[in-house]
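J.: Build me a model:
(one chain, ligands or ions: 1)
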Amino acid sequence: MDYISTRGSAPALGFEDVTLAGLASDGGLYLPSQWPQFSPDMIRALAGLSYVETAVRVMAPFVAGSLSEDELRDLCAAAYGRFSHDAVTPLVQLDHRHWLLELFHGPTLAFKDVALQLLGQLFERFLSRRDDHLTIVGATSGDTGSAAIDAVAGREKIDIFMLHPDGRVSDVQRRQMTTVLAPNVYNIAIDGSFDDAQALVKRMFNDPDFSARFNLSAVNSINWARLMAQVVYYFYAAVRLGAPERPVAFSVPTGNFGDVFAGYVAAQMGLPVAKLVVATNVNDILHRALSQGDYSQGQVVPTATPSMDIQVSSNFERLLFDAGGRDGLALAEQMRGFEASKAMRLTNAQREGAAHIFTSARIDPDSMTMAMRWAYDAAGQVIDPHSAIGLAAARDLALDPAIPVVTLATAHAAKFRDAVERATGTRPPLPARVGDLFAREESFAKLPATFEAVTAYVAERATPRS
Ligand SMILES: *Cc1c(COP(=O)(O)O)cnc(C)c1O
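T.: Residues are numbered from 1 along each chain as shown. Got it, this is the predicted structure:
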């Protein structure tokens, strides 16, 4: 499989190179040159397969030329063997038409484990083939950091430096990062905000000498391999609810547009997806873009759903490219305009291409709380605030009543137990697999939010490229 950039001028690459590169050299994002097609018979043949076997069938066309089916199976078995539920992503029924797809049974209790556990395996496999070394540098507001650290802890060919804003992540989130004492893991509490941490990371990537010397790599959801791993659970869930005979709708709590874009990919491959609901909190740039064509950046408002407190959704570029006719040079122009003015209008082709399948809703804190209470009253389910945004949207929108609606449950309620307790009066206990989190020793550095302090810290500890 060949991958092309959304901005039309980077060279096409194979899966292995795209996985290690992350961003394309023209600033764009990589996408497959065409969508693999699954016929109704191929989808029917997924019935009854385990999660790992489903993953192998769904991802095989994307990795063709870089991994054999047996290699892919080994990596998937290693990645998903670490989940605490045999179904990996089980479905839970809420009422006659609403379902939850639980994506939080991985080691760090949020859906990011599904993609990052596999990415950790892919990195290791590709780096040992090349005898190369990577330095991952990232900034996190919580979930990505812990999932990435867990996925690469102890791996010889990778060092990871994760910056978080000191005092501004939940104590569960912080401890999930800082209690991992592997020698290749470096946690840095930055004296500043998440935006400060993010700006420091961007500056390191934009420093060509520093970036080349340590072979810097990113693990955020611009990495194609992460989206690919997320396509699997759309197939897995839809087949269990009757695909290919019966269409299914999905509602997705959305921030960076990665998770819901994976649903779009599943639909392009032939899965009968009736609708994809983009559910946002009050940081609603995506709702405005999809409903009115207005993609203009506002101020980020902090909410009870921090993983969706985003005003620029990097993966939206992939949709604009694919739905708008795959004209990379025109999109590069449009994105340059956006970067300069922080606002743009979608073209008619982009709007119409998206409207076939996407719908959207902006959910305020009251509706979120009501959805949490409804899930508890209707089905005894304690859900996290992010999942509640998705569920509220699924219930508010006038979707075809004959079609089952699956809300993606993106985090375990215990990961956001203060917010859950405020909304429902119930304080969800930490699951057994992280039970001694608060007894473990923590290790992290505290640094001022300056480029000099952070680069000196990284340069002293990272492995330079030989
Ligand atoms: C990251 C995250 C989201 C948003 O997912 P995107 O792929 O960025 O749209 C939603 N919920 C939780 C719990 C998350 O960690």
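J.: Run through the residues of the chain sitting next to the ligand.
T.: The chain comes close to the ligand at residues 110, 112, 143, 221, 253-259, 307-308, 386, 410-411, as judged by Cβ under 6 Å from any ligand atom. To be clear about C-beta, it is placed using only N, CA and C from the backbone, and glycine gets the same treatment.
J.: Neighbouring strands of whichever strand or helix holds residue 138 in the sheet, and parallel or not?
T.: Using DSSP states H and E, residue 138 sits in strand 134-139. Partners of strand 134-139 in the sheet, by DSSP bridges, are strand 158-165 (parallel), strand 216-217 (parallel).
J.: list the helices and strands the helix or strand following that strand packs on?
T.: Scanning forward in sequence from strand 134-139 by DSSP H and E, the next helix or strand is helix 143-152. Here helix 143-152 touches helix 112-130, strand 134-139, strand 158-165, helix 171-178, strand 185-191, going by 3 or more Cβ pairs under 8 Å, 6 or more residues apart in numbering; DSSP states H and E.
J.: can you redo these as a markdown table with mean pLDDT and mean neighbour count?
T.: As requested, those are exported to a markdown table (pLDDT from 0 to 100; neighbours: other Cβ atoms under 10 Å):
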| stretch | mean pLDDT | mean neighbour count |
| --- | --- | --- |
| helix 112-130 | 96 | 22 |
| strand 134-139 | 93 | 24 |
| strand 158-165 | 95 | 24 |
| helix 171-178 | 93 | 21 |
| strand 185-191 | 97 | 21 |
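J.: Next, format the ones you listed as a markdown table and append distance to residue 393.
T.: What follows is the helices and strands packed on helix 143-152, written out as a markdown table (distance: least, Cβ to Cβ, whole Å):
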| stretch | distance to residue 393 |
| --- | --- |
| helix 112-130 | 21 |
| strand 134-139 | 28 |
| strand 158-165 | 29 |
| helix 171-178 | 25 |
| strand 185-191 | 33 |
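J.: So which of the ones you listed is nearest residue 205?
T.: Closest to residue 205 of those is strand 134-139 (Cβ to Cβ; 7.5 Å).
J.: List the contacts of the closest one.
T.: 20, 123, 127, 144-145, 148, 152, 157-164, 194, 197-198, 200-201, 204-205, 214-220, 458, 462-463 (Cβ atoms under 8 Å, 6 or more residues apart in numbering).
J.: let's go with 7 Å and repeat that
T.: By Cβ atoms under 7 Å, 6 or more residues apart in numbering, the residues outside strand 134-139 that reach it are 123, 127, 144-145, 148, 152, 157-163, 194, 197-198, 201, 204, 214-220, 458, 462.
J.: chain center to stretch 194-211: distance?
T.: Between the centre of stretch 194-211 and the centre of its chain there are 21 Å (Cα atoms, centre = their mean, to the nearest Å).
J.: Any chance you could list what contacts that stretch?
T.: Residues outside stretch 194-211 that contact it (Cβ under 7 Å, 6+ apart) are 137-139, 141, 163-165, 168, 190, 216, 449, 451, 454-455.
J.: For the ligand, see how far away residue 340 is.
T.: Distance, residue 340 to the ligand, using Cβ to the nearest ligand atom, to the nearest Å: 24 Å.
J.: Same question for residue 23.
T.: 16 Å.
J.: Tell me which helix or strand that residue sits in.
T.: Applying DSSP H and E, one finds residue 23 in no helix or strand.
J.: ok, it - contacts?
T.: Applying Cβ under 7 Å, 6+ apart, one finds that residue 23 lies in contact with 29, 218, 222.
J.: wait, which of those residues is closest to the ligand?
T.: Closest approach between the contacts of residue 23 and the ligand, by Cβ to the nearest ligand atom: residue 222, at 10.7 Å.
J.: For that closest one, what are phi and psi?
T.: Note on residue 222: its backbone torsions stand at phi -70, psi -20 [degrees, to the nearest 10].
J.: Now do the contacts for it.
T.: Contacts of residue 222 by Cβ under 7 Å, 6+ apart are 22, 23, 29, 314.
J.: and what of residue 448?
T.: residue 191.
J.: what's the pLDDT at residue 236?
T.: Residue 236 carries a pLDDT score of 98 in this model.
J.: How far off centre is the one helix or strand it maps to?
T.: Assessed by DSSP H and E, residue 236 sits inside helix 224-240. The chain centroid and the centroid of helix 224-240 are separated by 12 Å under Cα atoms, centre = their mean.
J.: same question, stretch 58-75
T.: 21 Å.
J.: Tabulate the strands paired with strand 134-139 in a markdown table, adding columns for distance to residue 92.
T.: Converted to a markdown table, the strands paired with strand 134-139 look like this (distance: least, Cβ to Cβ, whole Å):
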| stretch | distance to residue 92 |
| --- | --- |
| strand 158-165 | 31 |
| strand 216-217 | 36 |
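J.: Can you verify my assumption that residue 87 contacts residue 51?
T.: Yes. With contact defined as Cβ atoms under 7 Å, residue 87 reaches residue 51; the gap is 6.3 Å.
J.: more neighbours, those two?
T.: Counted by other Cβ atoms under 10 Å, residue 87 and residue 51 do not tie: residue 51 has more neighbours, with 20 against 13.
J.: Would you check that the more buried one makes contact with residue 80?
T.: Yes. Between residue 51 and residue 80 there is a contact at 5.8 Å, judged by Cβ under 7 Å.
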